[in-house]
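Asks: Can you look at this prediction? I've put the sequence above it.
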Amino acid sequence: YDIVAVVPAAGIGARMQAEKPKQYLEIHGKTILEHTLNALLSYPAISRVILAVAKDDPYLPQLPVANHPCIQVVEGGKNRADSVLNGLRAIENLHRVKVLVHDAARPCVTHDELDKLLEITDDNGAILALAATDTVKKANSDGQIVMTEDRNFIWLAQTPQFFKADLLINALEQAQRQGLTVTDEASAMELAGFRPHLVAGKRSNIKVTHPDDLALAAFYLARNTL
Ligand code: C5P
């Protein structure tokens, strides 16, 4: 199999409340997106990165990495799954490709995390995830607890999420046809009857989402050797 990374980077980052989408904020003199792409491009098993950005994104063309020979840019979609689907549709010979779908907003991913994912070879695929340490509550619309999950079985999904490309495109298209908006690729695979493996990731692989996350990402990036 060829290993291709698909990076959805077409979000607007509303929760960051910054003047530009969060993937274009800088940490240690480089944008979050550049840190993310560097982590993927420097991993030898990845042959190509497909990057989904918003239509008429004015920020990407300013980055030197936009011209990297292994990067292909496609237009993002209305939600994350649409952006990923656009990326997958740019791949030829889907049956010979496995994809690592990775959030643009997770710049601190390391190569040993990718190594662990690639060890999973069955059709279910795998995702990086964190075992919950907090107790997880399910709420109603009034903000009251209606249920407490058994923490021993709760995991928080991270990315990359690793699947055979043909199985994933079918699963995402099926979810779309059913009118379901999935927030990660594993959800689509689950709906299609697969049982993706949970691979324990690191706490450092944060999704930069809120303003506080910038300082934390800066700390982890300074510490990472990839
Ligand atoms: O919204 P969330 O933080 O879950 O977004 C995860 C990733 O999906 C981000 O990297 C974001 O840029 C991307 N995304 C996208 N297209 C959208 C919405 C989000 O590529 N329409």
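Replies: Sure, I can see it.

Asks: In this structure Asp166 contacts His95, no?
Replies: Yes - taking Cβ atoms under 8 Å as the definition, Asp166 is a contact partner of His95 at 4.9 Å. Using the backbone N, CA and C atoms, a C-beta is placed for each residue, glycine as well.

Asks: List the residues that contact Phe194.
Replies: 123-125, 167, 171 (Cβ atoms under 8 Å, 6 or more residues apart in numbering).

Asks: correction: Ile71
Replies: 37, 41, 48-51, 65.

Asks: Show me the contacts of Phe194 that map onto strands.
Replies: Judged by DSSP state E, strands contain none of these.

Asks: Which ones among the residues you listed map onto helices?
Replies: Among the contacts of Phe194, the members found in helices (DSSP state H) are 167, 171.

Asks: So what's the residue count around the closest residue to Leu118 other than its chain neighbours?
Replies: In space, and not counting its chain neighbours, Leu118 is closest to Ala45: 6.4 Å by Cβ to Cβ, 6 or more residues apart in numbering. Ala45 has 14 neighbouring residues, counting by other Cβ atoms under 10 Å.

Asks: any idea how far Ala45 is from the ligand?
Replies: Separation of Ala45 from the ligand (Cβ to the nearest ligand atom, to the nearest Å) stands at 22 Å.

Asks: for that residue, what are its contacts?
Replies: Ala45 neighbours (Cβ under 8 Å, 6+ apart): 3, 114, 118.

Asks: where in the chain is pLDDT low?
Replies: By pLDDT under 70, the chain contains no weakly predicted segment.

Asks: So which bits of the protein are right by the ligand?
Replies: 8-11, 23, 52, 76-80, 83, 103-105, 207, 209 (Cβ under 6 Å from any ligand atom).

Asks: what's the closest non-adjacent residue to Asp82?
Replies: Per Cβ to Cβ, 6+ apart, closest to Asp82 is Gly76, 7.2 Å.

Asks: Surely that neighbour and Lys55 touch.
Replies: Yes - contact criterion Cβ under 8 Å: Gly76 and Lys55 qualify, at 7.4 Å.

Asks: more neighbours, these two?
Replies: The neighbour comparison of Gly76 against Lys55 (other Cβ under 10 Å) goes to Gly76, with 23 against 8.

Asks: Of Asp166 and His95, give the one with the bigger neighbour count.
Replies: Using other Cβ under 10 Å as the criterion, Asp166 and His95 rank with Asp166 on top: 17 against 9.

Asks: Now the nearest residue to Lys55 once chain neighbours are set aside. Its backbone dihedrals?
Replies: Excluding the flanking residues, the one nearest Lys55 by Cβ to Cβ, 6+ apart is Glu75, at 5.3 Å. Note on Glu75: its backbone torsions stand at phi -80, psi 140 [degrees, to the nearest 10].

Asks: gap between Glu75 and Lys202?
Replies: 32 Å (Cβ to Cβ, to the nearest Å).

Asks: re the thing from before, how about the contacts of Phe194 in CSV, adding neighbour count and distance to Phe194?
Replies: Shown next, in CSV, are these (neighbours: other Cβ atoms under 10 Å; distance: Cβ to Cβ, whole Å):
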residue, neighbour count, distance to Phe194
Asp123, 11, 7
Asn124, 17, 5
Gly125, 24, 7
Leu167, 20, 7
Ala171, 23, 7
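
Asks: Kind regards, and thank you for your time.
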